[in-house]
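quick one: sequence and predicted model below, then my questions.
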Amino acid sequence: MEVALLGNPNTGKTSLFNELTGSYEYVGNWTGVTVDKKVGTLKKQIGQLIDLPGVYALNPISKDEGIASQYLLENRCTSTLNIVDASGLSRNLHLTIQLLEFGKPLVIGLNMVDVAKSRGIAIDVHQLSEELNVPVLPIIARTGKGCRDILDYFSLENQHVSHFSIDYGEKIEKAIENISDLLHEEQLNHRWLALQLLQGNQIVLDHIKTNKGIDLERIQRIIQELDKQIEEVEKCSLARAIYSKRKQIINDILEKVITKEKNSDRTFTDIIDSIVTNKFLGIPIFLSIMYFIFHMTFNWIGTPVSDWLDGFFSGSLSEWIGQGLQAVHATPFIRALILNGLIAGVGGVIVFVPQMIVLFFFISLIEDSGYMARVALVMDRIMQVAGLNGKSFIPLVIGFGCNIPGIMASRSIEQPKERLITVLITPLMSCSARLAVYSLFAGAFFAEYQALVVLSLYVLGVILALVMAKVFSFFLKHEHSVFIVELPPYRVPNAKTLFRSTWDKSKGFVKKATTFILGGTVVIWLLSYAGPHGLNVNIDQSFLALVCGYIAPLVAPLGFGTWQAGTALVSGFLAKEAVVSTMSIVYHAPHSGTLTGVISQAFTPLQAYTFMVFSLLYIPCLSTVPAIYKEVGTRKLTWFTVMYCVALAYIVSLVIYQVGRLMGF
Amino acid sequence: MLFSYIFGILIFGYAALTITRFIKKSRQGRCAACALQKACEQKPNTCSNIVQIQKNEPQLIRNQHI
Amino acid sequence: MILTELKKGEKATILNLSGTTELVQQRLLDLGITEGEEVCYKCALPFGGPCMLEVCGQCIGLRRREAKEIQVVRT
Ligand SMILES: Nc1nc2c(ncn2[C@@H]2O[C@H](COP(=O)(O)OP(=O)(O)O)[C@@H](O)[C@H]2O)c(=O)[nH]1
Ligand SMILES: [Mg+2]
């Protein structure tokens, strides 16, 4: 059995998915959190559940909506689970009607009944079920209340196939009949297909086109004819006429189902909104929040814990392991591998976990509270200057965690041009892996102003991204830019979600450090240990120094023309944390104290800042490149993205270093 | 001595394994550090067929100016 | 009158949406915003930034340029 989870955006589909499958997928309080389909196994092994991006109707506008419609057309699911937001029934039922017309077994999960209740909306579930002729199960996906009923329902064998149809009026019905007759080759519900075609659903049309046995021209003629008739009589488009008819039916149903007790006046959401979207305070508040987050991450919580961890790794732990290795008579090679390679390299990255946890916690907080959509609103005016819209800012904020989900989040942007530009600029966002680089350098050189220095890098990334967006928009066909964003009510972030989200992201970081970074570290260490003259050579005579010595002159104008910096940058392409682990190895000298100490000898503050800027911009990491390819669709554009990042990084770093030197730093 | 050999083989073996795995994963546009696409691992090739709505996807008019 | 002429916090009924572009219109319909619905003009951001509306119990953000194409009548 395969159950598809469909519903309007931000109605709690993914929350329910997590509840029913026991997995953890990304939950957030704004439109466009889920942008890909996710497969999970229902508890009790009764089948599979597919989580899909939210859609308002089956006629898609943005790319993520297209994924949901496409999935239905592929005709794989055996039944559908429609999540309906109880506090916004009249809008949600438009999709429900289209799903009922689709003709697969359907069950409605009436979610957010707690929200509806607090707004004084009472819903007669029984009546609703009778009106629509499908089972309706009230749930609260966030707490898991009622979710058992859904599982129990799917455990039943015979599932209810609904018979629900609306009479769209003589003319439309006639056209539906005519089109249905031409569709007998199709396996999907003919009436549904006909209706979607009448509504101008492009994805359905493309699907029909692939079926050679269908007389497409005749269908299009029928649609055009009807369109003209409707235009004459009702003075509106055909799609609009269908919409109105549905709306009328919905209103009739809701009349019988909903009783509104009281009208709550000024809500919690209104009060917060009047502050955070204030004319003058909007942007300053956003920047202050970001600064506060960095201050927590670096000055208050993260760094003290990290320093302690660093001391532990380079002190006691190294000592214990050293003694242990001595006790088992390990060879010098193994000793060096473990102490100078693994502990220095992997430990060098792991020490930044506390900072990541704090940062991830706050990002999750922003995501789950509902502030994200407000950020989009507040930033729209600035984004407009750069040829984008406020919604493009959401992928950028997500990119602060990791660039890959950021790039994917761009799917919810309606206009293809703005979507493409957003994908192109997201790699300039400073992801959490780059944070490890900043932590290292800012800790060594700018201890007191860490938060400010790091914030400056984030802001630099955003500013350059906007400048590049403006540049790119000159080279693209002009398109009418649109911006509509749903502003969901604020929700007190769910402790479970917050914890899971933070845990999941941090776990990913640790996992990467102990698998791939570890592997890379071993290779780098080996190259630094071996040279043309055998093993255990002076590090300056190692293969690593010899090979990466060729890179050094290239970056010398930027102020860090050493082979060590060159090596770190090369391995940083694989993953940005590798910059840190590589530096730990190449600068590792026994008895020289912590890495921070060595680094502060090797760089000047200006060089350090330039190095941070260069690491921020210079290239999307290896995993990001295929993600870019997937979104832009062509190899040429992917290469272009990588190359422009390199060029931009070089130019910006050069300017900063040379100007800084002239100013006497 | 024997101990050192075992350790050496273990470490280098593990390193080789993780690197190959990472490269393979990266090819598919996944990132070990992010939660996205995790569910897909249980059922391969359900993620790969993402639709591309290329109805009016814009083209860079000139994109080789670097 | 047009939507943006309303004062902050004022309510009105939507008369005509057809001035907006097709894409915007479709999105507005998706969000349940049609002729005859009551809309509350909540606030506008500076320098011609977007404005915030409340329709059918939910808030949406919309560019001022699009909002100027929406005709309403005070209730
Ligand atoms: N109050 C309340 N909030 C919920 C409920 N279900 C989900 N949420 C919240 O609604 C937001 C959107 O949830 P999500 O699962 O990402 O929705 P999706 O976009 O449909 O996948 C999250 O902030 C959830 O915590 C519910 O039953 N009651
Ligand atoms: Mg979701």
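Yep, it's here. Ligands and ions are numbered 1, 2, ... in the order given.

now stretch A:481-501, how far from the centre of its chain.
With Cα atoms, centre = their mean, to the nearest Å as the basis, stretch A:481-501 stands 13 Å off its chain's centre.

in that stretch, what's buried?
A:481-491, A:493-494, A:497-498, A:500-501 (16 or more other Cβ atoms under 10 Å in any protein chain shown). Quick note: C-beta positions are derived from backbone N, CA and C, even for glycine.

do the same with stretch A:656-665
Those would be A:656-657, A:660, for stretch A:656-665 by 16+ other Cβ under 10 Å.

which of the residues you listed lies closest to ligand 2?
Relative to ligand 2, the closest of those is A:Ile656; by Cβ to the ion it sits at 40.6 Å.

ok, that closest one - contacts?
Going by Cβ atoms under 8 Å, 6 or more residues apart in numbering or on different chains, A:Ile656 touches A:609-610, A:613.

over to A:Arg661?
So A:Arg661 contacts A:559, A:606 (Cβ under 8 Å, 6+ apart).

can you check my assumption that it lies in a helix?
Yes: counting by DSSP: H, G, I helix; E, B strand; the rest coil, A:Arg661 is part of a helix.

interface residues of chain C facing chain A?
Contact residues (Cβ under 8 Å from any Cβ of the partner chain) of chain C with chain A: C:21, C:23-24, C:26-32, C:34, C:42-50, C:52, C:56-63, C:66.

which among these count as buried?
Among those, those classed as buried by 16+ other Cβ under 10 Å are C:23-24, C:26-32, C:34, C:42-45, C:49-50, C:52, C:56-63, C:66.

count of neighbours near residue 3?
No chain was given, so I picked chain A. 24 (other Cβ atoms under 10 Å in any protein chain shown).

not quite, go with chain B.
Applying other Cβ under 10 Å, we find 13 residues neighbouring B:Phe3.

which residues touch it?
Applying Cβ under 8 Å, 6+ apart, we find B:Phe3 in contact with A:328-330.

in TSV, list those residues along with pLDDT.
Output for the contacts of B:Phe3, formatted as TSV (pLDDT from 0 to 100):
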residue	pLDDT
A:Val328	85
A:His329	84
A:Ala330	83
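
list buried residues within those.
Among the contacts of B:Phe3, those classed as buried by 16+ other Cβ under 10 Å are A:Ala330.

how far away is the residue of the stretch 401-550 of chain A found nearest ligand 2 from A:Met372?
Minimum separation of the stretch 401-550 of chain A from ligand 2 (Cβ to the ion) falls at A:Ser412, amounting to 11.0 Å. Distance, A:Ser412 to A:Met372, by Cβ to Cβ, to the nearest Å: 12 Å.

quick one: the strands in chain C?
Per DSSP state E, chain C carries strands over the ranges C:11-16, C:38-44, C:51-55, C:58-62, C:71-74.

closest one to A:Glu367 among the ones you listed?
strand C:58-62 (17.7 Å; Cβ to Cβ).

and that closest one with ligand 1, contact?
No: applying Cβ under 6 Å from any ligand atom, one finds strand C:58-62 out of contact with ligand 1, separated by at least 13.3 Å.

so what touches that strand?
For strand C:58-62, the external contacting residues (Cβ under 8 Å, 6+ apart) are A:88, A:91, A:269, A:273, A:373, A:376-377, A:380, A:390, A:483-489, C:24, C:31-33, C:42, C:50-54.

what lines up beside it in the sheet?
Strand C:58-62 pairs in its sheet with strand A:484-487 (antiparallel), strand C:51-55 (antiparallel), by DSSP bridges.

mean confidence score for the shortest one?
The average of the pLDDT scores along strand A:484-487 is 90.

next structured bit after it?
helix A:495-512 (DSSP states H and E).
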